[in-house]
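Q: Got a predicted model here, sequence first, then my questions.
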Amino acid sequence: MASIRNRHLGLIYVAPALIFVIAFVLYPLGQLVYLSLTDTSLLGGGEWVGLENYEKAFADKSFWRALWFTVKYTVVITPILMGLGFALALLTSNNSPLRLFTRATIFLPVVIGLGTSSLLWYWLLDQQVGLFNKILLDLHLVEEMPVWFTKADPALAAVIISVTWKVIGFGMILFVAAIQSINSEVLEAAIIDGANYWQRVWKIIIPLSMRTLLLATLISAIGSMLAFDQFYIMTGGNPRGQTFTSVYWIYQNSFISFKLGYGAALSIILTAIILFFSAIQVFLSNRSGTE
Amino acid sequence: MTMPLLGRMALALSLSAAAFAPVSASAATLSLWARASSSNAAQHMVDLWNESHDDKVELTTIPDNQMVTKLATSVQAGDVPDLISFDLIFMPDFMKAGFLTDLTATLGADPNQEKVAQAFKDLATYDGKLFGTGFTPDVSILLYNKDLFTAAGLDPEKPPTTIAELQDYAAKIHATDPDNISGYYFSGSCGGCNIFTQAPMMWGSGATLLPAGPDTPVMEGPGVVEVLTMLKDMWDAGIIPESAESDTGANFTATFETGTVGMQGSGGFAISSLKANHPEMNFGIAPLPGIKDGDQSSFVGGDVIAIPTGAKNPDLATSFITWSLTDEAQLEGLAKNLILPVRTDLADNQYFQAEPRYITTAEAVAIGQTPYAFHFNDMVNADQSPWLTMIQTAVFDGDVEGAIEGARETMLEIAAD
């Protein structure tokens, strides 16, 4: 009898969270699934079409090309963000005034909106009016003003430069927190045992920061798989649609072509793919934690 | 009987509130949604109306790319504004979807509606009914740098009147300093910018561009091939800067402002923008040329005004629309603020006399067109639209015929959808 009462009490405690999840996650997700099974347009309609949108999506070369491009972007940018973020954290983890100032400076772009920073970098990298190009030219690093957005690879590089500048500070702060939480006695013991700096990094700091590293990698990879703003503003999907990301393609279908039903189906497919890979990553993370 | 303290306070408050209540008990407040890029013009009209009417209009600015979503969801939710001002190219889709109120009875009987630019009348008609009218127009024009014309030995008062002249002049301007000066510029990755500035050069020569339906002509006429070939030749010759290929429209105005571009298709809005931000720049305005002298044309853009289906004050909203077409609104609300009037009979007005460049743009409204097409976004504005793909394939890849054929095929598929 008491256990039933406890169960009811527990249910009451979790009810607010449960209601929140049902109202803001499960119900919209259900609606999205329903929408994906109709031919709803932003201009009206909404006939039931079953799995037609999914069949169309699997035959939509542009979507798969966009997905492949998104994966490529994620695979390239994630190690940069993690590696560089961790390196910066190693350099600035001690709380000296200069390091605190450096940390604050690197973290500053994190508080700027992604759209704003993308527009800023779009103009900095412009052939005609770009300051970044002018600096490269004046330093004789290039012979003529480079055009970043006419080819897919330089365009991707330009976006990666801008996003790295924008978000590197976030990873750095997480890693600084992880490094600072390592018991100083462990590091001191290693020094007494004769471990040099790199040995301490490889054998102590990285293993003891691994959970944070894996969590940050997961967050970063999911964020990159959902990339939209930076490509919308900086490349517009160009050249010739080669820099469309999955979300950008979903946006195009839903809000430019008004095909909400089809856009919903693409969203479900993307969600499933991200869920699948996130699950693998969480599994690996847990295993590494256990070990 | 003694009134309790709280009761007396409530009475006093309600009496003082009554003292400050509006004079007219029946005065209403109309809501007007306008897209961001035309909200400045809309605000002038709203201010003028509010000065002289008991019923007020309240303007809400909606980001350009959210207007379709906002209107669609508000109609479906039954909570619409009284008036809406949006890009006229969406008219066919909105009228067909049943989003707008039929205004045939009122506007059909309004003599001022007769004087509205034809493009607005065409775009606001569906199934023989009128669903709106012009509100804040803009037109495409050719913008040219007079100093660069002079440096190239060209007469700065004689802009090109044919596309052959345009190409010739651009080559001469570029030749003055090939490393730093471009003869011509266009935003090569912006569908909307190019329908605005390149399409008039095509249809000025009689071309039909976008299909009104699945069985109508599309990308037909010599203007299409000629203009694309001209752009391709200029691109191949390096007259157009490399950055044009990737410009999504973000540099639509910025590049000309650097003073290194001879000519560019632009909009009437560029006049006030250049005058304000670059008063030192010596620039001219001309109609966009066609194949032959006299083929000049323009794209009439800007906003229409309409009443969404289910609006709560349709009669008052209709009054605002008919008022917006009066001499007072057109001259004091728009022209006085150096904004084009929608009525072609008011193109030459006292406010534009001091700046003849405004008269050129106002006259362009009369000769301009706007394509009547459903799925305009799909066909033109989308980042991989057939219109944009055609321009990119023709100009940057050099396959003019293949580009036109590809666009034709995709546009007809979209029109049949």
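A: Cool, got the structure. Just so we're clear, the structure is a prediction, and the values are computed from it rather than from any experiment. Numbers count the residues shown, from 1 in each chain, chains lettered A, B, ... in the order given.

Q: and chain A, which of its residues are near chain B?
A: A:42-44, A:62, A:119, A:122-123, A:126-129, A:147-150, A:155, A:233, A:235-241, A:244, A:248, A:252, A:255-258 (CB under 8 Å from any CB of the partner chain). To be clear about C-beta, it is placed using only N, CA and C from the backbone, and glycine gets the same treatment.

Q: what about burial for those residues, which qualify?
A: Neighbour-count burial (16 or more other CB atoms under 10 Å in any protein chain shown) applied to the residues of chain A next to chain B gives A:42-43, A:119, A:122-123, A:126-129, A:147-150, A:155, A:233, A:235-241, A:244, A:248, A:252, A:255-258.

Q: so where do the strands sit in the stretch 1-150 of chain B?
A: Under the criterion DSSP state E, counting those that start in this stretch, the stretch 1-150 of chain B contains strands at B:29-35, B:56-62, B:83-87, B:125-126, B:129-130, B:132-145.

Q: can you redo those strands as TSV with distance to chain A and mean neighbour count?
A: Below are the strands of the stretch 1-150 of chain B laid out as TSV (distance: least, CB to the nearest CB, whole Å; neighbours: other CB atoms under 10 Å in any protein chain shown):
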stretch	distance to chain A	mean neighbour count
strand B:29-35	15	21
strand B:56-62	14	17
strand B:83-87	13	26
strand B:125-126	13	18
strand B:129-130	18	18
strand B:132-145	14	28
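
Q: list the contacts for the most centrally placed residue in chain A?
A: Centroid-nearest residue in chain A: A:G223, 2.0 Å away (criterion: CA atoms, centre = their mean). Contact analysis of A:G223 by CB atoms under 8 Å, 6 or more residues apart in numbering or on different chains lists A:V167.

Q: so it sits in a helix?
A: Yes - under DSSP: H, G, I helix; E, B strand; the rest coil, A:G223 sits within a helix.

Q: and it, what pLDDT?
A: Looking at A:G223, its pLDDT stands at 94.

Q: Then A:M172?
A: On the pLDDT scale, A:M172 gets 95.

Q: Where does it fall, secondary structure wise?
A: Take DSSP states H and E as the rule and A:M172 turns out to sit in helix A:152-180.

Q: Which strands and helices lie in contact with that helix?
A: helix A:61-92, helix A:97-107, helix A:114-124, helix A:206-225, helix A:229-234 (3 or more CB pairs under 8 Å, 6 or more residues apart in numbering or on different chains; DSSP states H and E).

Q: Go again with 10 Å.
A: helix A:61-92, helix A:97-107, helix A:114-124, helix A:131-138, helix A:206-225, helix A:229-234 (3 or more CB pairs under 10 Å, 6 or more residues apart in numbering or on different chains; DSSP states H and E).

Q: So which of these is the most surrounded?
A: Counting by mean count of other CB atoms under 10 Å in any protein chain shown, helix A:229-234 has the highest mean neighbour count of the helices and strands packed on helix A:152-180, with a mean of 23.

Q: Contacts for that helix next, please.
A: Helix A:229-234 is contacted from outside by A:66, A:69-70, A:73, A:113-123, A:125, A:148-149, A:155-156, A:158-160, A:162-163, A:166, A:237-238, A:243-245, A:247-248, A:251-252, B:65, B:246, B:248, B:250, B:383, using CB atoms under 10 Å, 6 or more residues apart in numbering or on different chains.

Q: chain center to it, what's the gap?
A: Counting by CA atoms, centre = their mean, to the nearest Å, helix A:229-234 is centred 14 Å from the centre of its parent chain.

Q: for residue 82, what are its contacts?
A: If you meant another chain, say so; for now it's chain A. A:I168, A:G171, A:F175, A:L213, A:L214, A:A216, A:T217, A:S220, A:A221.

Q: could you do chain B instead?
A: B:28-33, B:57-58, B:307-308, B:311-314, B:316-318, B:320 are the contacts of B:D82 under CB under 10 Å, 6+ apart.

Q: how does it look with 8 Å?
A: Going by CB under 8 Å, 6+ apart, the list of residues near B:D82 reads B:L30, B:S31, B:L32, B:I307, B:A311, B:K312, B:N313, B:P314, B:L316, B:A317.

Q: how much space between it and chain A?
A: Computed as CB to the nearest CB, to the nearest Å, the B:D82 to chain A distance reads 21 Å.

Q: Nearest to chain A: which residue in the stretch 1-150 of chain B?
A: B:A97 (4.0 Å; CB to the nearest CB).

Q: Can you give me the end-to-end span of stretch B:346-359?
A: Start-to-end span of stretch B:346-359 (CA to CA, to the nearest Å) is 10 Å.

Q: Please compute how far that stretch lies from its chain's middle.
A: How far stretch B:346-359 lies from its chain's middle: 19 Å, per CA atoms, centre = their mean.

Q: tell me which residues in it are buried?
A: B:L346, B:A347, B:N349, B:Y351, B:F352, B:R357, B:Y358.
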